[in-house]
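Novice: A structural model of the following input is requested.
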Amino acid sequence: MPILHIKSNFVEDLKSFKWGKEWRAERIWREKRGDGEYFFASLRKDYGIIHNTHAIDLGNKKEDYFWIGRIEKRVGERGPDTDPHSATFGKRVYKEPTTMVSEEFNEVTQKWENIEYKDGKLVYEYVCPANAENIEKFQTLVGNLDNGRSTQLIFLFGSEIIDIQNPDSFFKEGKAVEEFETEYHERQNKDPTEIMTEAVTKIMSAVSSPAKGSK
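Specialist: Coordinates of the predicted model:
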């Protein structure tokens with residue numbers, strides 16, 4: 001059967017990637033995973049400023065859209081590694097997926113061509129841990145977009161997808177998502193009356209406290 005889908009573009013060479021110079025992030029996710037927190041983002045090519053309108057010039061073709069921070073892979077079933085020379089010997093690992101042959105439309109030649117592809121489960125390999133170095137790099141991708149929008153910052157844990165309005169909270173070092181998740185679940189489990197009481201207490205405290213620098 002012919003394959004009728006648009007392939008996503010992924011940044012695989014992080015060393016030569018020009019952080020903050022040629023790309024603008026539409027969304028940046030910071031996700032809590034089993035071994036820590038990771039960044040990944042959807043990008044658009046930044047061509048600079050449009051001379052006449054002074055608006056940002058972002059690309060809108062397929063080659064202008066990329067993902068960074070995670071890479072798409074196809075894998076087979078999971079099972080024990082039986083190779084005694086392997087570093088993962090005895091552990092459960094993904095097996096190689098089945099190789100299939102199908103037709104794909106080549107946009108360059110404008111013809112249908114036979115291709116080999118991996119017929120397996122779709123998984124992502126995460127390559128940008130939320131450490132100090134990557135916090136600095138991903139901050140360079142934040143900015144204004146077209147149509148009055150700006151980069152959206154998102155915490156991701158379990159099935160929860162939470163917009164984060166404060167960049168300082170999003171990009172802080174340490175276990176930012178894990179700390180937010182703990183507070184989030186604590187709020188979810190509180191009685192509405194208790195939440196209202198806490199909110200009123202904070203407001204009253206702010207009103208009664210003298211402003212900084214006042215006598």
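Novice: need the helix or strand of the chain with the lowest average pLDDT.
Specialist: One helix or strand of the chain scores below all others by mean pLDDT, DSSP states H and E: strand 2-3, with a mean of 46.
Novice: Just to check, residue 171 is in contact with residue 134?
Specialist: No: judged on CB atoms under 8 Å, residue 171 makes no contact with residue 134 at a distance of 9.8 Å. Any C-beta I mention is one placed from the backbone N, CA and C, and that applies to glycine too.
Novice: By residue count, what's the longest helix in the chain?
Specialist: Using DSSP state H, we find that the single longest helix of the chain is helix 192-208.
Novice: Poorly predicted segments of this structure, please.
Specialist: Applying pLDDT under 70 to the chain flags the ranges 1-6, 191, 194-195, 198-199, 208-215.
Novice: Contacts only, for the spatially most central residue of the chain.
Specialist: Centroid-nearest residue in the chain: residue 40, 2.8 Å away (criterion: CA atoms, centre = their mean). Residue 40 is in contact with 28, 29, 31, 67, 68, 69, 70, 124, 126, 128, counting by CB atoms under 8 Å, 6 or more residues apart in numbering.
Novice: can you give me the strands for the protein?
Specialist: Taking DSSP state E as the test, the strands found in the chain are 2-3, 23-33, 36-49, 56-58, 65-68, 70-75, 78-80, 92-94, 98-106, 111-119, 121-126, 152-157, 160-163.
Novice: Can I get the ones you listed in TSV including distance to residue 140?
Specialist: Below are the strands of the chain laid out as TSV (distance: least, CB to CB, whole Å):
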stretch	distance to residue 140
strand 2-3	36
strand 23-33	9
strand 36-49	11
strand 56-58	15
strand 65-68	12
strand 70-75	18
strand 78-80	37
strand 92-94	33
strand 98-106	35
strand 111-119	34
strand 121-126	20
strand 152-157	14
strand 160-163	21
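Novice: Relative to residue 181, which of the ones you listed is closest?
Specialist: For those, proximity to residue 181 was assessed by CB to CB; strand 152-157 is nearest, at 4.7 Å.
Novice: Dump that closest one to CSV, keeping only the CA atoms.
Specialist: Provided in CSV are the C-alpha atoms of strand 152-157 (Å, rounded to 0.1, in the frame of the first residue of the first chain):
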residue,chain,number,x,y,z
GLN,A,152,4.1,28.5,24.6
LEU,A,153,5.7,26.8,27.7
ILE,A,154,4.3,23.5,28.8
PHE,A,155,4.9,21.1,31.8
LEU,A,156,4.1,17.5,30.9
PHE,A,157,3.7,14.8,33.6
